[in-house]
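Peer 1: sequence and predicted structure are below.
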Amino acid sequence: MRKAVYLILALSLLVSGCSLQRTGLSAAPIPVQAQALAGDLSAAPTVTAAPPKAAPTTTPTSVAAESKKDSGVDVGPDTFPAGVNPLTGLPVKDPDALKIPPALVSITNFPPSARPQAGLSFSPVVYEMYIGEGTSRFLAVFYGDYPTLSDAKDKDQSKNPAVGPVRSGRKPYEALRKLYNGFLVMASAAEKIARQLNYVTNVFGSDSDDINSAMVDVTRLEEVARAEQKRLGDTQLSGQRFATTPPEGGKTGTVLWLPWSFLNQVFWRYDEKTGGYHRWQDNADGSTFTEMTDRLTGEPLSFENVVVLFADHHAEAETVIDIDFLYITKMPAVVFRDGQMYEVFWSTRNETYEKTTGKIRPIRFVDAQGNPFPLKPGQTWVMVIGRGIQYNETVDSTAYFDLKKKTQPGSGIWTFHYYAPPVETP
């Protein structure tokens with residue numbers, strides 16, 4: 001019976017709210033009714049390796065390792081040196097790029113044939129959220145240095161780097177857009193959802209038979225950002241502190257496992273060579289895991305910070321889920337950095353800046369005393385789950401029920417017992 005349920009779930013993963021109609025971009029939202037687009041799990045990429053256990057065996061390229069190095073950084077939260085990205089704490093190649101608003105791009109994670117995605121390793125902050133039917137989706141913030149021709153290793157991307165695959169808009173996107181004072185890029189949305197999203201650029205697929213064909217050209221993305229600057233005004237993204245030295249009080253946190261569903265399990269494993277966490281995901285089979293890479297570079301996805309953010313979810317339907325991000329005084333979060341795990345809090349409350357300017361800023365992290373909690377300089381991946389979800393240290397395994405049911409205090413392998421938000425009755 002359980003296998004039958006999983007088979008049904010696997011098929012349902014391929015249902016999408018996107019409409020892929022033609023190649024191009026439109027400057028204003030084009031509401032459309034959600035369409036069901038079928039796919040084939042047989043098209044999923046070939047799994048080449050099972051994930052390592054406590055210590056990853058992947059050897060990063062020297063370019064990747066060098067690009068993530070910093071020397072004694074301690075910046076923010078209120079002011080940043082000229083040319084430093086307030087979303088990473090690191091200098092950018094082109095300081096003028098910090099003057100244009102962030103692009104928040106909806107990037108798919110299902111079907112597995114969409115992987116590897118293109119451009120995620122260039123995003124300062126990526127949000128991963130549950131969107132129903134066992135699946136999760138990414139909203140990647142692009143701000144500062146965009147991918148360039150020299151970054152692209154994929155021969156299909158070498159002439160014109162593109163980000164994606166882009167998929168439909170979701171309700172929580174609008175709150176995150178406001179926090180970053182940016183604009184959304186998506187492959188349209190259901191009419192009811194589209195009416196609630198602002199500053200939208202729609203991307204359409206080049207092939208109506210290919211659910212993964214909607215991509216956004218990097219050059220075009222920058223053009224839209226410069227055009228939107230006139231409407232959005234100045235960008236203020238301060239509020240987060242970054243420090244090279246890890247704070248005291250952490251617990252060992254080398255691995256975290258979060259199963260959005262049996263067919264959507266995610267591992268993040270700390271790699272001492274890169275100083276970041278590498279992402280592994282099952283191939284929609286619940287047991288075989290692949291290390292995720294960026295299609296543009298061919299290199300592993302490595303993020304200096306991985307955050308599990310607890311937030312209130314409101315499910316109007318199985319695939320219509322909103323999340324409370326705005327004006328939050330204090331909610332729990334767990335931050336993984338430098339092989340350590342920290343239990344902290346996040347906030348978007350109005351402080352002096354908000355009260356004096358009338359604008360809002362991105363999510364900030366604080367410790368139990370309310371002091372700014374320092375992220376490691378670099379990129380941050382945020383996994384948003386429901387309030388009250390339990391977590392504990394578990395055993396070194398890739399077996400679902402071992403990870404789910406067993407405990408091993410001190411292992412440094414943390415599991416988060418995710419469950420989908422129940423549909424709320426009117």
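Peer 2: Perfect, I can see it now.
Peer 1: quick check: Val335 vs Met341, distance?
Peer 2: If you measure Val335 against Met341 using C-beta to C-beta, to the nearest Å, the figure is 7 Å. Where you see a C-beta, it was placed from the backbone N, CA and C, and this is true even at glycine.
Peer 1: what sits in contact with each of those two?
Peer 2: Counting by C-beta atoms under 8 Å, 6 or more residues apart in numbering, no residue touches both Val335 and Met341.
Peer 1: who has more neighbours, the two?
Peer 2: For the pair Val335 and Met341, the greater number of neighbours falls to Val335 (25 against 22), based on other C-beta atoms under 10 Å.
Peer 1: spatially nearest residue to the more buried one (excluding sequence neighbours)?
Peer 2: Tyr342 (4.6 Å; C-beta to C-beta, 6 or more residues apart in numbering).
Peer 1: would you mark the buried spots in stretch 100-118?
Peer 2: Judged by neighbour count (16 or more other C-beta atoms under 10 Å), stretch 100-118 contains these buried residues: 100-118.
Peer 1: sort out for me which of these are in helices.
Peer 2: Of the buried residues of stretch 100-118, none are assigned to helices by DSSP state H.
Peer 1: what about the stretch 251-400 of the chain, any weak spots by pLDDT?
Peer 2: Nowhere does the stretch 251-400 of the chain drop to pLDDT under 70.
Peer 1: what segments of it are strands?
Peer 2: Along the stretch 251-400 of the chain, the stretches classed as strands by DSSP state E, counting those that start in this stretch are 251-252, 255-261, 264-271, 276-282, 289-291, 302-303, 305-311, 313-317, 320-323, 331-337, 340-347, 364-366, 380-386, 391-393.
Peer 1: the fourth one pairs with which strands, and in what direction?
Peer 2: Which is strand 276-282. When pairing is defined by DSSP bridges, strand 276-282 lines up against strand 264-271 (antiparallel), strand 289-291 (antiparallel), strand 302-303 (antiparallel).
Peer 1: other residues contacting it?
Peer 2: Taking contacts as C-beta under 8 Å, 6+ apart, the residues outside strand 276-282 that touch it are 51, 56, 58, 68, 109, 115, 256, 263-271, 288-292, 300-306, 336, 378-379, 381.
Peer 1: all helices for this protein, in order.
Peer 2: Under the criterion DSSP H, helices of the chain are mapped to 2-12, 62-67, 172-180, 191-194, 218-232, 352-357, 400-405.
Peer 1: tell me which residues in stretch 397-413 are buried?
Peer 2: 398, 403, 411-413.
Peer 1: out of the strands paired with strand 276-282, which comes closest to Glu354?
Peer 2: Set against Glu354 and scored by C-beta to C-beta, the strands paired with strand 276-282 come closest in strand 302-303, at 27.7 Å.
Peer 1: picking that back up, most tightly surrounded among the strands paired with strand 276-282?
Peer 2: Neighbour counts averaged per stretch over the strands paired with strand 276-282 are highest for strand 302-303, at a mean of 28; criterion: mean count of other C-beta atoms under 10 Å.
Peer 1: do you know how far Leu256 is from Arg279?
Peer 2: In this structure, Leu256 and Arg279 are separated by 10 Å, where distance is defined by C-beta to C-beta.
Peer 1: what does Asn85 give?
Peer 2: Using C-beta to C-beta, Asn85 is found at 21 Å from Arg279.
Peer 1: about what we covered before: nearest to Asp74, of the strands of the stretch 251-400 of the chain?
Peer 2: Taking C-beta to C-beta as the measure, the strands of the stretch 251-400 of the chain were each checked against Asp74, and strand 331-337 came out nearest at 14.1 Å.
Peer 1: partners of the closest one in the sheet?
Peer 2: strand 305-311 (antiparallel), strand 340-347 (antiparallel).
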